[in-house]
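Undergrad: Below is the structure, and that's it, no one-letter string:
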């Protein structure tokens, strides 16, 4: 009698943010809860991108400053970074391939967030035009 | 109530009507090209030159006039402004949303340099209550001591006091780094939600009381731990990062970082993962 093939154990999906619904809570509400990445992860400065180096220099700082608190999260099954100025998530363009570790993902998130905040399409531009007093 | 029979393709959450809820931050769709912005210039801010320097004597100005004058000087491109005779006035240097080198030659009163987003500030004196409250980004260095509620509700940036600070330092902190060269009072890191505090000296009672998240590093003695604050082992990553931060802060050059105590939240009082996404966004 031929041996029964062992069913392959389901491989855990790693490095694909938001691809796997893990908790019962997420199944119940039907969406991914983003706040599961390590918000206390200290940045590894050896992985800083050239753009972020230029940004730090332009601002006159010695380190990542406020960007140390920026991490790659995910919302609605897509990787995203939270923009506190717009109070919303900025989704990462599909053409950007995400690396497998959080340190590198966080650096990408930081770079993207700074670029978004400097973009004329940032929501704050319209808000400032409408409400700024001086 | 939602009709579950007609909503086969919808998720359970949508069927329950949750999609009609106004979720802050989810209602807008904005498109931009990540390659378009390489100018390091935020819309609505002044393009200042750090090499263009000016002195501003605020002896005869009240805080409103002085802050307006700082804004005017930034609009003229001055990137380094030296404030003379601050004389402990309250609310000086608040609401600066620009990159800038701001130097105070003297002490500040209450609520100094609050709600700033970007400037590098050096204060060659003391500061009163709630210095750099709600700071978003930038760097603030205080050469002497600071009062209570130092760095209350800080959201980002580096806040450095080379002397000692009062009670409730980093209360309600939501990000950023607070560095204290001396001692800190009671309830340091009270209700802290995120970010990091480094104290090289001793701290008072109830350290990190009711903290939700974040990390506190203490070099000296701890009066007592607050509710849900627990000790955690120091890692190599912690040590490397603290050394780097102290170098940036220009303090503790010979301080033995490896012997510091790391304090984190026990997460018994609060767990972000159990929150609804909307609540979570409000908390960050």
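TA: Sure, I can see it. In this text, all values refer to a predicted model and were calculated from it rather than measured experimentally.
Undergrad: what about residue 65, neighbour count?
TA: Using chain A. Residues lying near residue A:65 (other Cβ atoms under 10 Å in any protein chain shown) number 23. Heads up, the C-betas are built off the backbone N, CA and C, glycines and all.
Undergrad: That was the other one, I meant chain B.
TA: Using other Cβ under 10 Å: residue B:65 sits among 11 other residues.
Undergrad: which parts of the longest helix belonging to chain A are buried?
TA: Counting residues, the longest helix found in chain A (DSSP state H) is helix A:102-118. Going by neighbour count (16 or more other Cβ atoms under 10 Å in any protein chain shown), the buried part of helix A:102-118 is A:102-103, A:105-118.
Undergrad: ok, and of those residues, which contact chain B?
TA: A:111, A:112, A:115, A:116, A:117, A:118 (Cβ under 8 Å from any Cβ of the partner chain).
Undergrad: Which pLDDT does the model give the fifth one?
TA: It stands for residue A:117. On pLDDT, residue A:117 comes in at 88.
Undergrad: my guess is it contacts residue A:90, does it?
TA: No. In this structure, residue A:117 is not within contact of residue A:90 by Cβ atoms under 8 Å, at 9.3 Å.
Undergrad: right, is stretch B:191-198 up against chain A?
TA: Yes. Stretch B:191-198 reaches chain A (Cβ under 8 Å from any Cβ) through B:194, B:195.
Undergrad: what's the answer for stretch B:126-140, then?
TA: Yes. Counting by Cβ under 8 Å from any Cβ, chain A is contacted by stretch B:126-140 at B:136, B:137, B:138, B:139.
Undergrad: Which members of these occur in strands, if any?
TA: Using DSSP state E, the subset of these located in strands is B:137, B:138, B:139.
Undergrad: can I assume the second one is in contact with residue B:122?
TA: No. Distance between residue B:138 and residue B:122: 11.4 Å, which falls outside the contact criterion (Cβ under 8 Å).
Undergrad: So the two - more neighbours on which side?
TA: residue B:138 (29 against 16).
Undergrad: Enumerate every residue touching the more buried one.
TA: By Cβ atoms under 8 Å, 6 or more residues apart in numbering or on different chains, the residues touching residue B:138 are A:61, A:65, A:66, B:116, B:117, B:118, B:119, B:120, B:121, B:157, B:158.
Undergrad: Would you reformat those as CSV and include secondary structure and distance to residue A:133?
TA: Output for the contacts of residue B:138, formatted as CSV (DSSP: H, G, I helix; E, B strand; the rest coil; distance: Cβ to Cβ, whole Å):
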residue, secondary structure, distance to residue A:133
A:61, coil, 28
A:65, helix, 27
A:66, helix, 24
B:116, coil, 17
B:117, strand, 16
B:118, strand, 19
B:119, strand, 20
B:120, strand, 25
B:121, strand, 23
B:157, coil, 24
B:158, strand, 29
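Undergrad: could I get those residues as TSV with distance to residue B:239 and pLDDT?
TA: Shown next, in TSV, are the contacts of residue B:138 (distance: Cβ to Cβ, whole Å; pLDDT from 0 to 100):
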residue	distance to residue B:239	pLDDT
A:61	22	92
A:65	21	95
A:66	23	96
B:116	30	96
B:117	30	94
B:118	29	93
B:119	30	96
B:120	26	96
B:121	28	97
B:157	22	96
B:158	18	97
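Undergrad: Most neighbours among these, please name it.
TA: residue B:157 (30 neighbours).
Undergrad: Just give the closest residue to the residue nearest the centre of chain B, not the sequence neighbours.
TA: When Cα atoms, centre = their mean is applied to chain B, the residue found nearest the centroid is residue B:154 (2.8 Å). Distances taken as Cβ to Cβ, 6 or more residues apart in numbering or on different chains place residue B:176 nearest to residue B:154, at 4.5 Å, with adjacent residues excluded.
Undergrad: Buried residues in the helix or strand hosting that neighbour, which are they?
TA: Per DSSP states H and E, residue B:176 falls inside strand B:174-180. Within strand B:174-180, the residues scored as buried using 16+ other Cβ under 10 Å are B:174, B:175, B:176, B:177, B:178, B:179, B:180.
Undergrad: Stretch B:42-49 now?
TA: Buried residues in stretch B:42-49, counted by 16+ other Cβ under 10 Å: B:42, B:43, B:45, B:46, B:48.
Undergrad: hmm, stretch A:76-92 touching chain B?
TA: Yes. Residues of stretch A:76-92 contacting chain B under Cβ under 8 Å from any Cβ: A:82, A:83, A:84, A:86, A:87, A:88, A:89.
Undergrad: Which among those residues count as buried?
TA: A:82, A:83, A:84, A:86, A:88, A:89.
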